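Student: Next comes the sequence, and after it the predicted model I'd like to discuss.
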Amino acid sequence: MSEDFKQQLDDLISNKTKEFTVTPETFQEFQAVFHDYEYRTQIVGKAERGGTIKYRLKESE
């Protein structure tokens with residue numbers, strides 16, 4: 001099952017979602033999309049127990 005990570009990133013940037021989760025099984029696929037994403041510097045990930053990572057927008061300074 002291939003997830004649409006670009007759409008999930010776009011939804012974060014446009015505030016349609018607050019966060020999304022990437023599992024260890026899909027991380028390699030996600031990383032390729034994230035590396036090329038134009039607004040990646042505005043997004044942060046927090047590692048959770050078990051290897052999942054939750055991505056959200058950076059807090060405004």
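Tutor: Here it is on my side, so go on.
Student: Which parts of this structure are strands?
Tutor: Applying DSSP state E to the chain gives strands spanning 19-22, 43-47, 53-57.
Student: and the nearest residue to Thr26 once chain neighbours are set aside, how far is that from Thr21?
Tutor: Closest residue to Thr26 in three dimensions, ignoring its sequence neighbours and counting by CB to CB, 6 or more residues apart in numbering: Glu3, at 6.0 Å. C-beta: built from backbone N, CA, C; applies to glycine. Using CB to CB, to the nearest Å, Glu3 is found at 10 Å from Thr21.
Student: Return the residues in contact with the residue nearest the centre of the chain.
Tutor: With distances taken as CA atoms, centre = their mean, Tyr55 lies nearest the centre of the chain, 4.3 Å away. Tyr55 makes contact with 8-9, 12, 19-22, 43-45, according to CB atoms under 8 Å, 6 or more residues apart in numbering.
Student: what about 7 Å?
Tutor: 12, 19-20, 22, 43, 45 (CB atoms under 7 Å, 6 or more residues apart in numbering).
Student: how about these in CSV, adding pLDDT, neighbour count and distance to Val33?
Tutor: Putting the contacts of Tyr55 into CSV (pLDDT from 0 to 100; neighbours: other CB atoms under 10 Å; distance: CB to CB, whole Å) gives the following:
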residue, pLDDT, neighbour count, distance to Val33
Leu12, 97, 20, 13
Glu19, 97, 14, 16
Phe20, 96, 19, 12
Val22, 97, 21, 10
Ile43, 97, 17, 12
Gly45, 97, 17, 13
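Student: Show me where the chain has its helices.
Tutor: 5-13, 27-35 (DSSP state H).
Student: other SSEs contacting the last one?
Tutor: Applying 3 or more CB pairs under 7 Å, 6 or more residues apart in numbering; DSSP states H and E, one finds that helix 27-35 makes contact with helix 5-13.
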